[in-house]
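[1] Give me coordinates for this.
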Amino acid sequence: MKNDRTASNNLMAFHIYFSKALAARGGGASLSQFSGDKQIIKALKKRPLIRAISPHRQIIRHIHFSTVEEEHEITGNKRKLHRSPPNYIRIAEILQAPKLWKMGHRGFGIRVAVFDTGIQDGHPHFPNIAEVTNWTDEKNDYDTIGHGLFVAGIIGSNRECLGIAPEAQLHIFKVFTNNHISYTSWFLDAFNYAIVKKVHVLNLSIGGPDFMDQPFIDKVWDLTSNSIILVSAIGNDGPLYGTLNNPADQMDVIGVGSITVDDAISRFSSRGMTIWELPDGYGRVKPDLVTYGSLVRGSNLVSGCKVLSGTSVASPVIAGAVALLASSVLHRTPNIINPASLKQALLASAQRIRHANMFEQGHGKLNLLRAFRVLNQYVPQASLSPSYIDFTECPYFWPYCLQPLYHSAMPIIVNVTLLNGMDVVGEIVGQPQWHPQEPYGQYLELSFDFSSRLWPWSGYLALSMSVHQNASGFEGIVQGHVTLTVESPAKDSESLPQRSDLQLPIRVRIIPTPIRSHRILWDQYHSIGYPPGYFPRDDLRQKNDPLDWNADHIHTNFRHVYEHLRNAGYFIEVLGKPYTCFDASLYGTLLIVDPEEEFFVEEISKLNNDIANKSLSLIVFADWYNVSVMKRVQFFDENTRQWWLPETGGANLPALNNLLKPLGIALGDTVLEGNFDLGEHTIYYASGTHIVQFPADGYLIYRPLIDQGETIIRMPISPKMPQQRHLNLEDHENPATQQQQQQQQQDIESIVKSRPSSMPILGLVEASGGGRVAVYGDSNCIDSVHLARDCYWLLLALLEFTTSSRVPKLFLQLDENKQMDLEVPELERLNTSRLHKFSRVIEKNDLDNTNQQRKLPQCIINRPVKPSEPLASHNNIMKYQNRFMSNDDDNIDSHVMIDHSEATSRLAQAFFTLQNPIFIPSLIGSIGVFVVFIILCRSRIYHLLIFMLYGNGFYHQRSSNSRLKTTSRQRQYHFMSSFSKP
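    Numbers count the residues shown, from 1 in each chain. Next comes the predicted model:
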């Protein structure tokens, strides 16, 4: 850690970063007495102020971006070539920020931290820089890249290309070197300093796939728990799904995606869902919202303006908007500026984008003026994201809206985020309640899982939906409400805890249970990706994207498989549990794609029994596995002076072979690559495996392919670490970038390849019990990541084979039928693999240092909650959801944020209850005061009191029935004006 920045660490528990390289340089006299790293770590863990000890992590991503000149100026006698100006965005104007500036709101009083590459000293656009700090190992804090300066300009530039909050106070933190290098420890030190400086808003235009970098995540929680509003870019890994970057994917952070000037989702903008919760759960909705991030005009390095694109641009747009909005409510007492309240205001006022789903746009695009109205009428409360669930609304509720619910299906999980604007901590009181609406609402069964504590400012509510057995033949729409109460500690001036009552409307479509042959079970339980370990990419050609980090889920990188299967009439369910937890008699086919996990012995036995005795069919899409190749795709960590080895290959073939062994099937470790024809189709075989054993009565298809593994073994080992966190700036196909990538990556095509040889890659066989098995050696043709040529048609043909009694025409036209049913040796396992650390199936035996099977987990059965009485509502419970509001309509969704009646009723309910100890005395006292007032009005003491208070001028005898004279207009004016004087 930096010696000159660690004073703030004394204020809180902190992480210690340790590396062999650091120890080699000398860790101080106190460490010299220990002989090994393990003893040092053990001794440090005993210190009470040390929260955890983690490896020192380098965060590397080399970025290059192309600037788009807005104009070409004439300088002296030199003339520059004029080009047509691009369709760039003046961000402050398009968001209508000048309207708020005219009202006096320009970001004054708000401290904004920018964590980036620094800033140029003396730049004319930034008169409001409060402090510039350098947390890197470079000697200066200058930004020679232009990334940090551009980001700061979007937030607070005061000239030319104006920022959104031009009077916000900027605190510049340089956490990336000019070579785009950073370390987690640099961020932690800088985060601590930001807490000490009490900044209001912190922008992170960086991100990475590692959502298990626990020290970094813990410190993000520390930031938001200290009321710092953290805004982060969602990532530039679109249009793929499951590509969210951390920390933008955290509940307490505002994750920002990008749109174009035409309100279309930017192609580069990362998509949801979050993948923290897999395999037994389901991801949350992210990004939270989107805004302009394509061709936005901002500050240039020396002077003037330039145009850039990326979620790095969209993130400071939101950060600037937050600063501007926060400055408009600084006067409010008590202070309502916190991470939840600002996020609630942004989400409640966001404008829905047509033809985009919730995992692309979140709640919609930023509407600055509407957010201003919401925030200025905001009452502290809890809210839900999404605020309603409607499986009949497409495309917004994709993928839920593509497949109706039916009886006996795997529970459908919806993960709702709880935002608590009342306090940094809170809890759900009691249990959420399900109120089905008549007449068919009781057909929908719900069970709940939720955060035991809402901290910081947020939590989750997971709803598991299933259909009652009485609805096995029902078809129609069912709906109802989920109600819950969130409670937070009382404010200083209040005696009662703060409470917020929430309603979540639900509407789903139910259909009769489909026939067995049309039901497919997708195995998610045996999929593991990065993080937590190094699981390499399935296509070995992709050296610049070496990590398999998209979750291998049918709603992320296999979403096109999901859509093709649904269009073909199949119903797909996700299995997030071991094979021992599903009834094989309900399904036609089990689909196993690219498994990295081991298999329980009980699973192997059950699957073999299901195929032989219950007519369950099986389709397997495998991938490459070769120990020598795995050693060649390792990475060297310069910090710990260690090699980062893969935990397995593209797929865990030794484990898959154990699963298929009872069926007489095995796969080999030759890595194959090439193009071939199958019928009328052409397939690209990208880093696949081959079949080495198959039943004699089966059917095998051979194709000529080259040995890609042999080619890779000849190549030098890559010296670079996988990229962890990076600057989210779009490249725009910069030729310089492409040239450097070509220099960094040795082209496999330039190496002499082996001659193609005919290898068995596809096998079909029918088991004795009626179940059918199909095995194909490569999954890349159905994986959206780096997809060259898709083979969805092959998957449909295999399903036709496994779900019917006929062989597809595609396979009947082929004449290959060579057999191989000889015994083969087991595949070699990598002895350095740490799979046991991340596996749900195996663990390390400390006695003999070997792997052993864990205890088989029990099959958890969701117990539906007992339905409650229906709530009074319209027939259409979604009627109040104003989904598509025009730009000109600045009306606020009253049900979400500024429902004053809700806040008033909350206070009234808290006061007018027998549980309130002051309610009865207050009631008796009020009645007594009223009785005394009536007595006084009927006595002469009343006249004396009026005379003493107001004198003779107030009391006037108009008649025997008139006691009081109304005050004249002139006296009324003077009376009211006295209150407005300072």
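
[2] List the contacts of residue 623.
    By Cβ atoms under 8 Å, 6 or more residues apart in numbering, the residues touching residue 623 are 538, 594, 649-651, 687-689, 777-780. Backbone N, C-alpha and C define where each C-beta goes, glycine included.

[3] and with 7 Å instead?
    538, 594, 649-651, 687-689, 778-779 (Cβ atoms under 7 Å, 6 or more residues apart in numbering).

[4] What is the neighbour count of the nearest residue to residue 479 once chain neighbours are set aside?
    Nearest residue to residue 479, sequence neighbours excluded (Cβ to Cβ, 6 or more residues apart in numbering): residue 507, at 4.1 Å. Look at residue 507: counted by other Cβ atoms under 10 Å, it has 21 neighbours.

[5] now the longest helix seen in the chain: mean pLDDT?
    Counting residues, the longest helix found in the chain (DSSP state H) is helix 919-937. Confidence for helix 919-937, expressed as mean pLDDT, is 77.

[6] Just give me how far it sits from the chain centre.
    Relative to the centre of its chain, helix 919-937 is centred 57 Å away, using Cα atoms, centre = their mean, to the nearest Å.

[7] Which strands and helices lie in contact with that helix?
    Here helix 919-937 touches no other helix or strand, going by 3 or more Cβ pairs under 7 Å, 6 or more residues apart in numbering; DSSP states H and E.

[8] can you map out the helices along the stretch 51-200 of the chain?
    Assigned by DSSP state H, counting those that start in this stretch, the helices in the stretch 51-200 of the chain fall at 91-94, 97-102, 147-156, 184-197.

[9] Now tabulate those in CSV and tack on mean neighbour count, mean pLDDT and distance to residue 348.
    As requested, these are exported to CSV (neighbours: other Cβ atoms under 10 Å; pLDDT from 0 to 100; distance: least, Cβ to Cβ, whole Å):
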stretch, mean neighbour count, mean pLDDT, distance to residue 348
helix 91-94, 19, 96, 21
helix 97-102, 16, 97, 18
helix 147-156, 30, 96, 23
helix 184-197, 22, 95, 27
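
[10] Dump those helices to CSV, plus distance to residue 495.
    Converted to CSV, those look like this (distance: least, Cβ to Cβ, whole Å):
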stretch, distance to residue 495
helix 91-94, 45
helix 97-102, 37
helix 147-156, 41
helix 184-197, 31
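
[11] who's in contact with residue 532?
    Applying Cβ under 7 Å, 6+ apart, the residues contacting residue 532 are 212, 838.

[12] could you pull out the helices for the stretch 301-450 of the chain?
    Under the criterion DSSP H, counting those that start in this stretch, helices of the stretch 301-450 of the chain are mapped to 311-327, 339-349, 358-361, 368-376.

[13] I misspoke; the intended subject was the stretch 751-900 of the chain.
    792-803, 809-812, 835-838, 900-911.

[14] weakest of those by average pLDDT?
    Mean pLDDT per stretch puts helix 900-911 lowest among the helices of the stretch 751-900 of the chain, at a mean of 46.

[15] Would you agree residue 220 is in contact with residue 247?
    Yes. Shown here, residue 220 and residue 247 form a contact pair, counting by Cβ atoms under 7 Å, at 4.8 Å.

[16] who touches both of the two?
    With Cβ under 7 Å, 6+ apart as the test, residue 220 and residue 247 both reach 230, 253.

[17] As a check, name the ranges of all strands in the stretch 201-350 of the chain.
    Assigned by DSSP state E, counting those that start in this stretch, the stretch 201-350 of the chain shows strands spanning 201-204, 206-207, 229-233, 254-259, 289-292, 296-299, 305-308.

[18] which strands and helices sit next to the fifth one?
    Put plainly, it is strand 289-292. Using 3+ Cβ pairs under 7 Å, 6+ apart: strand 289-292 touches strand 254-259, helix 311-327.

[19] For the longest one, could you pull out the residues that count as buried?
    Across helix 311-327, burial judged by 16 or more other Cβ atoms under 10 Å covers 311-327.

[20] pLDDT at the closest residue to residue 536 other than its chain neighbours, what is it?
    Nearest residue to residue 536 in three dimensions, chain neighbours excluded: residue 646, at 4.9 Å (Cβ to Cβ, 6+ apart). The confidence metric pLDDT takes the value 91 at residue 646.

[21] How about residue 439?
    Residue 439 is assigned 89 on the pLDDT scale.

[22] how many other residues sit next to residue 221?
    Using other Cβ under 10 Å as the criterion, the residues surrounding residue 221 number 18.

[23] check contacts around it.
    Residues in contact with residue 221 (Cβ under 7 Å, 6+ apart) are 252, 456.

[24] In the record's domain split, what are the boundaries for this structure?
    Listed domain ranges for the chain are 104-377, 400-510, 516-718+749-853 (source: the TED database).

[25] Hmm, residue 261 is touching residue 87, no?
    Yes. Residue 261 is in contact with residue 87 according to Cβ under 7 Å; the separation is 6.1 Å.

[26] what touches both of those two?
    Shared contacts of residue 261 and residue 87, defined by Cβ under 7 Å, 6+ apart, are found at residue 295.

[27] Number of residues surrounding the residue nearest to residue 561 when sequence neighbours are not counted?
    Among residues not flanking residue 561 along the chain, residue 782 sits closest, at 5.2 Å (Cβ to Cβ, 6+ apart). Burial of residue 782 is recorded as 21 neighbouring residues (other Cβ under 10 Å).

[28] separation between residue 782 and residue 621?
    Remark: distance between residue 782 and residue 621 (Cβ to Cβ, to the nearest Å) = 7 Å.

[29] Check residue 323 too.
    According to Cβ to Cβ, residue 323 and residue 621 sit 49 Å apart.

[30] what stretches of the protein score poorly on pLDDT?
    Low-confidence segments of the chain (pLDDT under 70): 1-37, 55-86, 637-642, 716-753, 813-822, 873-919, 936-982.
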